[in-house]
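In: Turn this into a model:
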Amino acid sequence: MEVNKTTTQRGFDLNEFIDRSGCACSVQKSSLATEDAIWFGVNDSDPKIMATDAMKQGLPTGGKTCGWVPYEVPKEVLMNTHMQLTQDQVKDLLPILQHFAETGELPE
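Out: Okay, here's the model as predicted:
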């Protein structure tokens, strides 16, 4: 996996990559002033709706009659796509991730 290391407009470290599903993801140093933390997740929630349901609601489907189609969410709606993790939370997750990296399974 290729990781593009840059910084945000505010100067915080930013690592961007593409996940197995082709989604743009990132790990970013948080600006949290009270403790060290990172933001980790997908960059865009990319909401979708089944074409048949979109048609029932009178929504555009781009001509598709089946499968998933983009679902327009009003710009006033906030959708969280990143976890904000502290150092301790990352430490708690590391054994799970390490076990998966070594075995392909989650620990029991």
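
In: Dump the helix or strand hosting residue 100 to CSV, restricted to CA.
Out: Using DSSP states H and E, residue 100 maps to helix 87-103. This file holds the C-alpha atoms of helix 87-103, laid out as CSV (Å, rounded to 0.1, in the frame of the first residue of the first chain):
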residue,chain,number,x,y,z
GLN,A,87,-2.3,7.3,22.2
ASP,A,88,-3.8,5.0,24.9
GLN,A,89,-6.6,4.0,22.5
VAL,A,90,-4.2,3.2,19.7
LYS,A,91,-2.1,1.1,22.2
ASP,A,92,-5.3,-0.8,23.1
LEU,A,93,-6.0,-1.5,19.4
LEU,A,94,-2.4,-2.5,18.5
PRO,A,95,-2.6,-6.1,19.8
ILE,A,96,-5.8,-6.7,17.8
LEU,A,97,-4.3,-5.3,14.6
GLN,A,98,-0.9,-7.1,15.2
HIS,A,99,-2.8,-10.4,15.7
PHE,A,100,-4.7,-9.9,12.5
ALA,A,101,-1.6,-8.9,10.6
GLU,A,102,0.1,-12.1,11.6
THR,A,103,-2.9,-14.6,11.3
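
In: where does it sit relative to the chain's centre, distance-wise?
Out: Relative to the centre of its chain, helix 87-103 is centred 18 Å away, using C-alpha atoms, centre = their mean, to the nearest Å.

In: packing partners for that helix?
Out: For helix 87-103, there is no helix or strand it packs on, judged by 3 or more C-beta pairs under 8 Å, 6 or more residues apart in numbering; DSSP states H and E. Any C-beta I mention is one placed from the backbone N, CA and C, and that applies to glycine too.

In: That helix: which residues count as buried?
Out: When burial is assessed from 16 or more other C-beta atoms under 10 Å, helix 87-103 yields no buried residues.
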